[in-house]
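A.B. asks: Kindly return the folded structure for what I paste below:
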Amino acid sequence: TLRDRLAREGELPIAEAVRILRDVVDALAEAHSSGVVHRDIKPDNVMLRGRHALVTDFGVAKAISEATGRQKLTTEGVALGTPAYMSPEQAAADKHIDHRADIYAVGAVAYELLTGRPPFTGTTPQEVLASHVTQAPEPVTKHRATVPPALAQLVMQCLEKKAADRWQSTDELLTQLESLTTPSGGITPTGTQPVEGVDYGVAGRSAHPIRVAALYALASIGVLAIVYVLMLLLGLPGWVTPGAAALLVVGLPFMLLTSHHERRRAVAVTTGTRVPTCLHGDASVGDRAGGNTGRIGGSRGPGTPHHCSVREPHGRLRLGYFGDRGLTHRPTAVTGGSGRGHRRDRTGARAHGPCP
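C.D. replies: Sure thing, here's the model as predicted:
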């Protein structure tokens with residue numbers, strides 16, 4: 001059972017906990033669609049088989065059904081369920097209990113899967129029941145800071161005191177859980193860390209040649225000062241400081257060249273300007289991504305392949321491969337701005353069709 005695994009491992013990995021909760025909620029959605037409220041969801045009643053979780057023991061639901069249906073008896077004043085997972089309305093023995101009591105229990109189970117402890121504990125069952133009715137549970141993230149905010153909010157909404165403030169159906173809750181398992185959901189895959197996006201506008205301004213040269217000059221002054229102090233303290237030869245200055249002067253053109261390329265790349269990303277990257281061939285491309293002036297091609301002799309890529313706006317990438325299929329060399333080129341283009345051979349003939 002899930003209880004056995006909790007006793008053995010304690011809190012579960014977040015992705016595993018979400019997967020189990022999804023199976024439990026899916027099973028409850030099927031039961032609720034048939035008008036059945038389980039009323040005793042807890043780790044002991046969840047069986048694990050392979051990668052699947054199965055909800056068992058609908059005994060309390062059956063007993064309630066028989067008592068209120070066949071014998072016309074009422075359960076008012078009788079609290080049925082397991083104290084650690086009972087909703088406030090169950091703890092108060094309210095006769096108006098519906099499927100949202102199971103949603104509360106799912107929240108209590110989820111809380112334990114993520115933190116290794118139920119939301120409320122006490123020395124007696126009565127103390128636990130009173131906590132469900134009168135106390136707010138501590139945030140999940142207080143006991144486990146790595147729980148994603150979206151998942152923590154989902155669990156805490158399940159544990160709302162008033163049924164009207166919880167998720168209103170297991171179908172709604174199931175949709176939320178499934179969204180957490182998608183790449184765009186709130187769970188970071190195991191072994192990875194979120195990475196902030198790059199502001200290419202800032203990168204372009206930071207790589208301006210004048211700014212780079214000024215920063216390099218300031219850094220060079222600091223380096224030379226350190227070298228000079230070390231020369232005096234360690235008794236180094238007098239040529240050490242001039243030598244360091246010469247090396248720094250030699251390094252300046254490389255620094256400016258690097259900043260130029262970085263600035264060009266940043267501007268290309270932010271404005272949509274095409275940046276060609278060609279191997280073994282010539283390339284000339286229009287300045288703006290929306291134009292129809294692009295021309296990629298060239299020749300380096302028979303049998304020489306050409307590879308070229310052009311960055312389009314919005315992250316699109318156009319790839320081209322130019323090579324000879326036979327003994328006669330016929331260089332090809334592609335012109336055009338979208339997914340279709342024109343092919344030209346040496347004779348100047350123009351053929352419409354998909355770009356190579």
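
A.B. asks: Let me see the residues that make contact with stretch 28-35.
C.D. replies: 37-38, 41, 55, 58, 61, 99, 102, 106, 169-171, 174 (C-beta atoms under 8 Å, 6 or more residues apart in numbering). Placement of C-beta: from N, CA and C, glycine included.

A.B. asks: Low-confidence ranges, the stretch 201-350 of the chain, go.
C.D. replies: 201-207, 267-350 (pLDDT under 70).

A.B. asks: let's see it at 90
C.D. replies: Of all residues in the stretch 201-350 of the chain, those with pLDDT under 90 make up the ranges 201-220, 222-350.

A.B. asks: one step back: from the contacts of stretch 28-35, which land in helices?
C.D. replies: Of the positions in the contacts of stretch 28-35, 61, 102, 106, 170-171, 174 sit in helices, assigned by DSSP state H.

A.B. asks: Could you pull up the contacting residues of Leu2?
C.D. replies: 20, 43-44, 46-48, 53, 109, 113.

A.B. asks: typed the wrong thing, it's Gln126
C.D. replies: By C-beta under 8 Å, 6+ apart, no residues touch Gln126.

A.B. asks: host element of it?
C.D. replies: helix 125-134 (DSSP states H and E).

A.B. asks: Now do the buried residues in the helix or strand following that helix.
C.D. replies: Going down the chain from helix 125-134, the next helix or strand is helix 140-143, by DSSP H and E. By neighbour count on 16 or more other C-beta atoms under 10 Å, the buried set for helix 140-143 is 140-141.

A.B. asks: Which helix or strand lies directly C-terminal to helix 140-143?
C.D. replies: helix 149-158.

A.B. asks: Show me the contact partners of that next one.
C.D. replies: Here helix 149-158 makes contact (C-beta under 8 Å, 6+ apart) with 14, 18, 103-104, 106-108, 110-111, 114, 137, 139-141, 165-167, 173, 176-177, 180, 185-187.

A.B. asks: which of these are buried?
C.D. replies: Restricting the contacts of helix 149-158 to buried positions leaves 14, 18, 103-104, 106-108, 110-111, 114, 137, 139-141, 166-167, 173, 176-177, 180, 185-187, with burial counted as 16+ other C-beta under 10 Å.

A.B. asks: follow-up on the earlier one: how about the helix holding Gln126, which residues are buried there?
C.D. replies: Result for helix 125-134 [16+ other C-beta under 10 Å]: buried residues 128-132.

A.B. asks: still on that earlier bit, among the ones in helices among the contacts of stretch 28-35, which one has the lowest pLDDT?
C.D. replies: Minimum pLDDT for the ones in helices among the contacts of stretch 28-35 is recorded at Ala61 (52).

A.B. asks: Could you check how far Arg265 is from Thr258?
C.D. replies: Distance of Arg265 to Thr258, computed by C-beta to C-beta, to the nearest Å: 11 Å.

A.B. asks: With neighbour numbers in mind, choose between the two.
C.D. replies: Each of Arg265 and Thr258 has its neighbours counted (other C-beta atoms under 10 Å); Arg265 has more, 17 against 12.

A.B. asks: Buried subset of the ones in helices among the contacts of stretch 28-35, written for PyMOL?
C.D. replies: Selecting the buried subset of these in PyMOL, with 16+ other C-beta under 10 Å as the burial test, is done by:
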select buried, resi 61+102+106+170+174
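
A.B. asks: and Ile103, how far is that from Trp167?
C.D. replies: Distance, Ile103 to Trp167, using C-beta to C-beta: 5 Å.

A.B. asks: what's the overlap in contacts for these two?
C.D. replies: 158, 173.

A.B. asks: residues touching Pro237, list them.
C.D. replies: Per C-beta under 8 Å, 6+ apart, neighbours of Pro237: Met231.

A.B. asks: element containing it, please.
C.D. replies: Pro237 is part of no helix or strand, with elements assigned from DSSP H and E.

A.B. asks: next one: the one 10 residues further on
C.D. replies: When elements are assigned from DSSP H and E, Leu247 belongs to helix 240-271.

A.B. asks: Tell me the secondary structure of Ala53, please.
C.D. replies: strand (DSSP: H, G, I helix; E, B strand; the rest coil).

A.B. asks: so what's it up against?
C.D. replies: Contacts of Ala53 (C-beta under 8 Å, 6+ apart): 2, 19-20, 23-24, 27, 46-47.

A.B. asks: what do you get for Arg100?
C.D. replies: 87, 163, 166-168.

A.B. asks: can I get those in CSV with secondary structure?
C.D. replies: As requested, the contacts of Arg100 are arranged in CSV below (three-state DSSP):
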residue, secondary structure
Ser87, coil
Ala163, helix
Arg166, coil
Trp167, coil
Gln168, coil
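
A.B. asks: Just name the closest of the residues you listed to Ile210, please.
C.D. replies: When the contacts of Arg100 are compared for distance to Ile210 (C-beta to C-beta), Trp167 comes out closest, at 57.1 Å.

A.B. asks: ok, the residue lying closest to the closest one once chain neighbours are set aside to Thr124 distance?
C.D. replies: Distances taken as C-beta to C-beta, 6 or more residues apart in numbering place Leu173 nearest to Trp167, at 4.3 Å, with adjacent residues excluded. In this view, Leu173 and Thr124 are 31 Å apart by C-beta to C-beta.

A.B. asks: name the element Met47 belongs to?
C.D. replies: Assigned by DSSP H and E, Met47 belongs to strand 46-49.
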